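A.B. asks: Coordinates for the following, if possible.
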Amino acid sequence: MIYFQIFLAFFLPGILGYGGGPASIPLIENEVVDRYEWLTVNEFSEVLALGNSLPGPIATKMAGYIGYEQGGILGAVVGVFATVAPSLILMISLLGLLMKYKESPRVKRMTTVIRPVIAVLLGVMTYDFLFSSYESVGALQTIVIGTISFLLMEKFKVHPAYVIAGALVYGALVLS
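C.D. replies: Numbers count the residues shown, from 1 in each chain. Sure thing, here's the model as predicted:
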């Protein structure tokens, strides 16, 4: 029963909290403090402060922590899943709708217009990453990491996840 309660405590704010994590924090507080009484107001504020001090989405961090406190590891998994489930369900539904009407002229026009926008956004993001890397580790390291990554993925067909993991290890060992 506790896992179902954990699911509801984070699924409902995920549906009703339009605007992301900060918008759903009062809804989560209502569920975990008032409805289920898992935390006091003071404890909730401490969890909120801890969640704000860590990187990433606040609602999922709080769901993981509170879920773990109430139901162990499975409770944490249920809490995090319940937090992301509304967005996941909506995205799958919209993708299904898009795939159903993919031959429609309107959908084709929409995807034709969206592709260049996505390309520009990816280009800007790449430029920002490149500039940030150049500023933090220098031109030589940026060129070496970029060239090796490109060769591994394009010439040797290494999966990008392995390239990213290798770059993280390289950064941890050499650049730290």
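
A.B. asks: do you know how far residue 77 is from residue 15?
C.D. replies: 19 Å (CB to CB, to the nearest Å). Backbone N, C-alpha and C define where each C-beta goes, glycine included.

A.B. asks: List the buried residues for the helix or strand bottoming out on mean pLDDT in the chain?
C.D. replies: Using mean pLDDT, DSSP states H and E, helix 21-29 stands out as the lowest-scoring helix or strand of the chain, at a mean of 87. Across helix 21-29, burial judged by 16 or more other CB atoms under 10 Å covers 21, 24, 25, 27, 28, 29.

A.B. asks: quick check, nearest of those residues to residue 150?
C.D. replies: Using CB to CB, the shortest approach to residue 150 within the buried residues of helix 21-29 belongs to residue 21, at 35.4 Å.

A.B. asks: show me the contacts for the residue of the chain positioned farthest from its centre.
C.D. replies: Farthest-out residue of the chain from its mean C-alpha position, per CA atoms, centre = their mean: residue 105, at 32.5 Å. Contacts of residue 105 were listed using CB atoms under 8 Å, 6 or more residues apart in numbering, and none were found.

A.B. asks: circling back to that earlier point, distance to residue 135 for the buried residues of helix 21-29 - can I get that in CSV?
C.D. replies: Shown next, in CSV, are the buried residues of helix 21-29 (distance: CB to CB, whole Å):
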residue, distance to residue 135
21, 29
24, 35
25, 34
27, 40
28, 38
29, 40
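
A.B. asks: State which helix of the chain is the longest.
C.D. replies: The helix that spans the most residues within the chain, counting by DSSP state H, is helix 58-100.

A.B. asks: elements contacting it?
C.D. replies: Contact here means 3 or more CB pairs under 8 Å, 6 or more residues apart in numbering; DSSP states H and E; on that basis helix 58-100 packs against helix 2-16, helix 21-29, helix 41-53.
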